[in-house]
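Asks: Okay, here's the prediction I keep looking at, along with the sequence it came from:
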Amino acid sequence: MFRLLTVLAFFIALEIYSFQLIRTLSRDHWWKWIYLAVSILVIINVILQFILHPDRTQVNDSRDIAVTVVLAFFALKVVFFLFMFGEDIYRSIEGLITSLSRKREPDQSFLPGRREFLAKVGLAVAALPFGAILYGAWRGKYDYQVREYELSFDDLPEAFDGYTITQLSDIHVGSFDDKDEVAYAVKLANEQQSDLILFTGDLVNNEAKEMNGWEDIFGSLTAKDGIYSVLGNHDYGDYVQWDSKEAKEENMQQLYKVQKDMGWRLLLDENEKITRGADSISLVGVQNWGGGRFPKYGDLQKAAAGLSKEEFKVLLSHDPTHWDLQVKNDEKKYHLTLSGHTHGMQFGIEIPGFIKLSPAWFIYKKWAGIYKEADQFLNVNRGFGFLGYSGRAGIWPEITVITLKRKA
């Protein structure tokens, strides 16, 4: 109840401060009321769209547009809030100093008036995330980026020096609305000519039937040593009201079959070896397991059964929180863990070597890119697809290429 009241208070504050900024700019002009009316209509529209189109397993353009517009206005209002609230803190300090120094006139207000210049700056700054979210829904969701990393290990078997892995994650096929763009991305993944392709979960949003019509595109992925996959939290159908347990199980069997038919090897708490002459590395695939409210299906010990600490291991685990909670301190030692799940919240700012910011940071300690502790690595893929917000702004869809190197 307290959390709900806190969230409600935050949104009320957003609305009040946003209106304050617009009112400062408009003064006695009527268009501040236009802004308020539009703001209310945007909220009413998104509620109406979810009432009219409650089936979230189906792509719906009007609902997606409504969500995008709400998020754009939300980003706009957050910036408005920061500027106006920050100004209120300054005004309060200024008013207090004036009162204590007895420079305030008897009929003078304690708080100085709002500055129109600051409101103009706030409006200009807010236009950036507002525009970015709209662009992300128009083009950003298909702006695929290839990210390349070279990782070095003391104990990498010699035959695997220079071995390449392409990682894909979080396809969320039920969200796509442009087959040509997705086919281009799959072609881009194949052009990396990696030795191995690994997929780290969330093939669908909710149901296996979302893959209907997409099998040929994703079935065209190819790599010398094959394509291996694991399940993510969305793959189990836990967010659907099934008619029976049997219906849910049938959905799972259908998902298993579609991956098999595409030539993917789904690892369900198990491991397999990739060999090069007398050398080998082990692929370990664990079912979804992580912190928080998401279901825990995986069993790391079962997945690594029969493997020793000395063997070089690449672990596929959808949720990156698994790494901190179990993986990195496991006695068997997992040299490289590949995860996804966070999507980088599909929104943020990344300038290599300078800045890396996203709302995902408030939820996940490790939300995108390479992390290292001792001699173990974790890569959190930013995701191939999108969910919820039908777009990506600043955190672009990702194809990861990792080259394994043996230290001299």
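Replies: Thanks, I have it.

Asks: got the contact list for residue 400?
Replies: By Cβ atoms under 8 Å, 6 or more residues apart in numbering, the contact set of residue 400 is 146-149, 166-168, 379, 381. C-betas here are computed from N, CA, C, even on glycine.

Asks: Out of these, list just those in strands.
Replies: 146-149, 166-168, 379 (DSSP state E).

Asks: Now, of the residues you listed, which are buried?
Replies: 147, 166-168, 379 (16 or more other Cβ atoms under 10 Å).

Asks: Let me have those in JSON lines, extended by distance to residue 203.
Replies: Shown next, in JSON lines, are those (distance: Cβ to Cβ, whole Å):
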{"residue": "147", "distance to residue 203": "21"}
{"residue": "166", "distance to residue 203": "16"}
{"residue": "167", "distance to residue 203": "14"}
{"residue": "168", "distance to residue 203": "10"}
{"residue": "379", "distance to residue 203": "19"}
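
Asks: Out of those residues, the closest to residue 387 would be?
Replies: residue 168 (15.2 Å; Cβ to Cβ).

Asks: Paired strands for the helix or strand that residue 372 is a member of, with orientation please.
Replies: For residue 372, the host element (DSSP states H and E) is strand 369-373. With DSSP bridges as the test, strand 369-373 is paired with strand 376-380 (antiparallel).

Asks: hmm, who's touching the partner strand?
Replies: Counting by Cβ under 8 Å, 6+ apart, 149, 151, 167, 320, 323, 327-328, 333-342, 364, 366-372, 400, 402 sit against strand 376-380.

Asks: Which single one of the ones in strands among the contacts of residue 400 is nearest to residue 75?
Replies: Taking Cβ to Cβ as the measure, residue 75 sits nearest to residue 147 out of those, at 25.1 Å.

Asks: Tell me if I'm right that the closest one and residue 397 touch.
Replies: No. With contact defined as Cβ atoms under 8 Å, residue 147 and residue 397 do not form a contacting pair (10.6 Å).

Asks: Distance of residue 212 relative to residue 24?
Replies: Residue 212 is 53 Å from residue 24, where distance means Cβ to Cβ, to the nearest Å.

Asks: These two: who's more crowded?
Replies: Set side by side, residue 212 and residue 24 show more neighbours around residue 24, with 21 against 11, by other Cβ atoms under 10 Å.

Asks: Return the backbone torsion pair for the nearest residue to that one once chain neighbours are set aside.
Replies: Leaving aside its sequence neighbours, residue 24 sits nearest to residue 119 (Cβ to Cβ, 6 or more residues apart in numbering; 4.2 Å). With angles defined as degrees, to the nearest 10, residue 119 sits at phi -60, psi -40.

Asks: Just give the number of residues close to residue 119.
Replies: The number of residues near residue 119, taken as other Cβ under 10 Å, comes to 21.

Asks: Using PDB, write out the CA atom coordinates for the strand holding residue 372.
Replies: Provided in PDB are the C-alpha atoms of strand 369-373 (Å, rounded to 0.1, in the frame of the first residue of the first chain):
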ATOM      1  CA  GLY A 369      27.900  -5.200 -21.900                       C
ATOM      2  CA  ILE A 370      30.900  -7.000 -20.500                       C
ATOM      3  CA  TYR A 371      31.600  -7.400 -16.700                       C
ATOM      4  CA  LYS A 372      34.600  -9.100 -15.200                       C
ATOM      5  CA  GLU A 373      35.400 -10.400 -11.700                       C
END
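
Asks: Return the set of buried residues in that strand.
Replies: Applying 16+ other Cβ under 10 Å to strand 369-373 flags 369, 371 as buried.

Asks: Residues contacting it, please?
Replies: 147, 149, 151, 323, 328, 356, 377-380.

Asks: out of these, which is most surrounded?
Replies: residue 380 (29 neighbours).

Asks: do you know how far the closest residue in space to that one that isn't next to it in sequence is from residue 356?
Replies: Closest residue to residue 380 apart from its sequence neighbours, by Cβ to Cβ, 6+ apart: residue 320 at 4.7 Å. Computed as Cβ to Cβ, the residue 320 to residue 356 distance reads 15 Å.

Asks: Then residue 129?
Replies: Taking Cβ to Cβ, one finds residue 129 at 16 Å from residue 356.

Asks: okay, now the domains of this structure?
Replies: 2-138, 143-406 (automatic domain parsing).

Asks: Helix, strand, or coil at residue 337?
Replies: Assigned with DSSP: H, G, I helix; E, B strand; the rest coil, residue 337 falls in the strand class.

Asks: Quick check: pLDDT value at it.
Replies: pLDDT recorded at residue 337 is 98.

Asks: What are the boundaries of the helices in the protein?
Replies: Secondary structure of the chain (DSSP state H): helices located at 2-26, 31-52, 61-100, 116-138, 179-191, 215-219, 245-261, 300-303, 321-322.

Asks: Need the winner for burial among those helices.
Replies: helix 321-322 (a mean of 22; mean count of other Cβ atoms under 10 Å).

Asks: Show residues contacting it.
Replies: With Cβ under 8 Å, 6+ apart, helix 321-322 has contacts from 286, 289-292, 298, 300, 337, 339, 364-366.

Asks: 7 Å instead?
Replies: Contacts of helix 321-322 with the rest of the structure, by Cβ atoms under 7 Å, 6 or more residues apart in numbering, involve 289-292, 364.

Asks: again, but for stretch 44-52
Replies: For stretch 44-52, the surrounding residues in contact (Cβ under 7 Å, 6+ apart) are 62-63, 66-67, 70.
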